[in-house]
Each structure stands twice: as structure tokens, then as C-alpha cells.
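> My questions concern the predicted model and sequence given below.
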Amino acid sequence: MSVRESILREMGLGPIWRLRDAPDTEVPDVEAVADAAVDVAPDTPANPPLRRLSSEMLSMARNADVAAEAPAALTSAESREPPAAAADLDWDALTQAIQACRDCSLCEQRTHAVPGIGDHQADWLIVGEGPGAEEDVQGQPFVGKAGKLLDAMLSAIGLARGENVYLTNAVKCRPPMSRPLDASELAACFPYLSRQIELIKPRLIVVLGRPAAQALLNTDIRIASARGRCFDYRGIPVVVTYHPAYLLRNPLDKAKAWEDLCFARRQMRDRSSGNGDT
């Protein structure tokens, strides 16, 4: 057994197979990633189903009065600039601003704001939806069962938390009882995410979950139809896939998320060789 195979087995990723049409010499077994790597119970109540959000955001986009109240969520991605309060902040100041933020009602019941964690010069930026119960307690993103799944998924494509990867969320405070996010909360937090992207300058963004995708891309998105496509945020390629918490509740879609990560890896490699386009 090779060293790599031993490591993967220790992580619960099971046997290795080789995809017929893939350029990689070794690729983790889809079924292993789909089942063995994430054989844990659903993380409840953190990160409950968030499908209702898209209709809320779409309704807001169609309602001129609501749009006037939350213009940041409804303007184009290229024209949305961070406000002066966030635009020039360095990492320390930005973190302090997030931790002290009171721009929406989510601050009222939080234990900790969750700015993000990882390599500040990462090529890979992973953007989730919002903190869950354990994230709220610890002040770090993706530390619960969904975080364990995410770590296994990243490991399967040769990545590790904190090593050329930065993890954050579209919303930095946990919604009470982990209820669905609304558009005004996403809009209030977007300047912080925007500034994080400016500071990191990632080569690729992977967005986990529909609300996060809609916040970043400013359009109504369904994950099923967005899969396998490369979007653009200010010249940075964006790949959309399912949130790990969703996968814990819907294990049949784990293999699809694995395919999405393989697609993201190919996008990164294509751009490294100058063959990619957005």
C-alpha cells in the first residue's frame, strides 16, 4: 500500500481508483468520498435548509421599494464597491470591524462573529453561507460536522485547511436558531466579504450553498443548474457547489459535490497553464 493510500484510508476516504478520462494519476473513490469520508449524523439545527432564500431575494430584486432600501444586494457585482468603512482596512482592522459590527440584527444574539480563517494569500477561497452553533461558540468557520466533511472534501483534492486555502462565510454572525438568511443580512455583510477577496486576491473561489452564491454573484442561482459552470467575480473564476451541511442531510448529492471539486481543480490547473477562460 502506498503512503498516499494509507493516508487516505486513515482519513476514511477508502480505496483509490483512477478515472478513465482524468489526467490525474490518483483520484479518491467517489463512493468513498460520498459515504465513508462523511459518515456522520446531520448537523442539526445548524445550517437548516436555505432554499427559501432565493425566492426572497428574487422578490426583493423585483420590488423597487425594497431594492431602494438594500441597494448593495441588487446592483451589479462589478459596481458594488465596499463602503469607505471597509474599503481601506488591513487584515487586523477588518477583523476588528467584523467582530464589532452591528450593521444588522444578527449581532444581537451572537456569541462571536466569525471573520474567517486560513492563508491570507491563498489561491483558493472557500465561501460558505453563515456560522452554525459550534462556529458561533468558537469564533471560527467550519468547525462542526459540516466542517469535518469540508476538510475531507478538500483533502481529497490535495488541499488542507490553512494551507493555500482561506475559509469564510457570506454572513459573519449566526442567525438565531440557524434560521434561513435574508437578503438584507447578506447585503450588510457583503462589504466585509468583498474586502476579504481584495486582500486575499484568490485565483479561484468555491462557493458553498445557494445563499452564498447569490450574495457573491448577485443573481438568482440554483445549484443544480450552476454546477459544472465557471462564473466570474471581478475577474476571479467562481465555482458553485453544495454546502457540506446540505450534503449531510442529502447524502445522495455527495458524489455531485465531489465532481464539482474536481471541476474546480481543473479550472485552477487550466489557469495555471494559461488555458482557462471565464
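Cool, the structure landed. A quick note: this is a predicted structure, and the numbers were derived from the prediction, not measured.
> contacts, neighbours, all on C-alpha from now
Noted.
> what's the burial count for Trp91?
14 (other C-alpha atoms under 10 Å).
> Tell me how far it lies from Gly139.
Distance, Trp91 to Gly139, using C-alpha to C-alpha, to the nearest Å: 16 Å.
> Same question for Leu261.
Leu261 is 26 Å from Gly139, by C-alpha to C-alpha.
> Tell me where the protein has helices.
3-10, 30-34, 52-62, 64-69, 84-87, 91-100, 133-138, 145-156, 183-200, 210-217, 223-226, 244-249, 254-272 (DSSP state H).
> which one of those has the lowest average pLDDT?
Least confident of the helices of the chain, judged by mean pLDDT, is helix 64-69 with a mean of 32.
> picking that back up, so of the helices of the chain, which one's packed in deepest?
helix 210-217 (a mean of 25; mean count of other C-alpha atoms under 10 Å).
> Quick check: closest non-adjacent residue to Pro141.
Glu135 (5.4 Å; C-alpha to C-alpha, 6 or more residues apart in numbering).
> so who does that neighbour touch?
Val114, Pro141, Phe142, Val143, Gly144 (C-alpha atoms under 8 Å, 6 or more residues apart in numbering).
> residues near Ser273, how many?
Count around Ser273 with other C-alpha under 10 Å applied: 9.
> pLDDT score for it?
The model reports Ser273 with a pLDDT of 76.
> Identify the residues contacting it.
So Ser273 contacts nothing (C-alpha under 8 Å, 6+ apart).
> any idea how far it lies from Ile200?
Look at Ser273 and Ile200: by C-alpha to C-alpha, they are 21 Å apart.
> Who is the closest residue to Val239 other than its chain neighbours paired with across the strands?
Leaving aside its chain neighbours, Val239 sits nearest to Val206 (4.9 Å; criterion: C-alpha to C-alpha, 6+ apart). Counting by DSSP bridges, Val206 forms beta bridges with Ile126, Val239.
> Verify the contact between Val238 and Leu204 for me.
Yes. Counting by C-alpha atoms under 8 Å, Leu204 is a contact partner of Val238 at 6.0 Å.
> Quick check: the residue nearest to Val239 touching Glu129?
No. Assessed by C-alpha under 8 Å, Val206 is found out of contact with Glu129, at 11.8 Å.
> between these two, who's got more neighbours?
Glu129 (25 against 21).
> Report the separation between that one and Leu89.
From Glu129 to Leu89 the distance is 23 Å (C-alpha to C-alpha).
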